[in-house]
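Novice: Sequence isn't available, so here's the structure alone:
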């Protein structure tokens with residue numbers, strides 16, 4: 001299994017349509033193929049959550065595991081976006097100046113209603129066509 005020392009790993013809710021779309025955006029915009037992915041519902045995802053003291057239940061945020069550290073909510077999104085192509089890198093630079101409390105408040109609002117707004121899958125998105133090697137199982 002790849003580790004966060006080798007590659008930054010994005011943990012996402014594989015049942016959430018919004019989260020799955022975000023993964024597809026990262027796959028398209030991560031031209032250097034830096035990121036690896038694991039659904040929080042997978043064995044690898046659950047293990048990483050536990051390793052970083054994050055709850056397996058009720059997780060309503062994206063997690064970036066990088067360099068032995070877990071970043072959550074808006075910090076995770078900004079760190080991910082800063083490594084993607086334009087316009088995401090530009091967006092990350094602008095978002096950094098917004099206080100974390102404001103960013104996370106907005107993040108939490110979207111996280112709470114994401115299933116209602118974007119829907120929920122009945123099965124977990126574990127791979128994307130042509131990107132299977134970037135997903136941890």
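Specialist: Cool, got the structure. Computed from a prediction, not measured in an experiment: that's the story for all the values here.

Novice: Return, as residue ranges, the portions of this protein with sub-threshold pLDDT.
Specialist: Along the chain, segments meeting pLDDT under 70 span 1-4, 58-59, 123-130.

Novice: Kindly list the longest helix within it.
Specialist: With secondary structure taken from DSSP state H, the chain has its longest helix at helix 100-118.

Novice: Please list the residues outside it that contact it.
Specialist: 16-19, 21, 60-61, 73-75, 77-78, 95 (Cβ atoms under 8 Å, 6 or more residues apart in numbering). Yep, even glycine has a C-beta here, placed from its N, CA and C like the rest.

Novice: Can you name the residues bridging to residue 135?
Specialist: Beta-bridge pairing for residue 135 (DSSP bridges): residue 37.

Novice: thinking again about what came up before, just give me the closest of the contacts of helix 100-118 to residue 49.
Specialist: residue 61 (10.9 Å; Cβ to Cβ).

Novice: how about the closest one, what does it touch?
Specialist: Contact analysis of residue 61 by Cβ under 8 Å, 6+ apart lists 72-73, 76, 107, 111.

Novice: Now it: phi and psi?
Specialist: Taking degrees, to the nearest 10, you get phi -150, psi 160 for the backbone angles of residue 61.

Novice: Done for today, thanks.
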